[in-house]
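Undergrad: sequence and predicted structure are below.
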Amino acid sequence: MQKLKVIYEDNHIIVVEKPVNIPSQGDKTGDVDMLTIIKEYLKEKYHKPGNVYLGLIHRLDRPVGGVMVFAKTSKAAARLSEQVREKVFKKTYLVVVNGKMEKEKRNLRRLSFKE
């Protein structure tokens, strides 16, 4: 099982670092995904039998690494999902480039936008 880097956890949410090339949720490849990794972590940490609830609040594409927030309760999932819909929940993207950028693209060194 993939090593999980937990940034923050309380009774309602868990915030983790998603490594590059790990899907946020299961897909047709069957590769291990963040939902499965975190559910296993919670099951083991809290000695929970059976299924563990975990709400996916937002996704990051497979090739992207970064911070993700998951809900540990359905109430937290509903409230966070509402914040995403109402644009209260904000995401910031930082891009790191290895190599030389074309001259006309140099002005795009830092991008920040709201979804």
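TA: Thanks, I have the structure now.

Undergrad: are we agreed that K43 is in a strand?
TA: No. Using DSSP: H, G, I helix; E, B strand; the rest coil, the assignment for K43 is helix, not a strand.

Undergrad: residue contacts, the residue nearest to it when sequence neighbours are not counted?
TA: Nearest residue to K43, sequence neighbours excluded (CB to CB, 6 or more residues apart in numbering): V52, at 5.0 Å. Backbone N, C-alpha and C define where each C-beta goes, glycine included. For V52, the contact set (CB atoms under 8 Å, 6 or more residues apart in numbering) comprises 39, 42-43.

Undergrad: restricted to buried residues, select these in ChimeraX.
TA: Restricted to buried positions by 16 or more other CB atoms under 10 Å, the ChimeraX selection for these reads:
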select :39,42
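
Undergrad: now the contacts of V52 in a markdown table, with distance to F70 and pLDDT?
TA: Shown next, in a markdown table, are those (distance: CB to CB, whole Å; pLDDT from 0 to 100):
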| residue | distance to F70 | pLDDT |
| --- | --- | --- |
| K39 | 9 | 96 |
| L42 | 9 | 96 |
| K43 | 14 | 95 |
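
Undergrad: now the helices for this protein?
TA: For the chain, helices defined by DSSP state H occupy the ranges 34-45, 74-85.

Undergrad: which other helices and strands does the last one contact?
TA: On a contact count with 3 or more CB pairs under 8 Å, 6 or more residues apart in numbering; DSSP states H and E, helix 74-85 meets strand 55-56, strand 66-71.

Undergrad: ok so, going back, ok, the residue nearest to K43 to P63 distance?
TA: 27 Å (CB to CB, to the nearest Å).

Undergrad: same question, I7
TA: I7 sits 21 Å away from P63, going by CB to CB.

Undergrad: the two: which is more packed in?
TA: Just comparing I7 and P63: by other CB atoms under 10 Å the higher neighbour count belongs to I7, 11 against 8.

Undergrad: now do the spatially most central residue of the chain, the pLDDT please.
TA: Central residue of the chain (CA atoms, centre = their mean): M68, 2.5 Å from the mean position. Listed pLDDT for M68 reads 96.

Undergrad: and for M1?
TA: Per-residue confidence at M1 stands at 56 (pLDDT).
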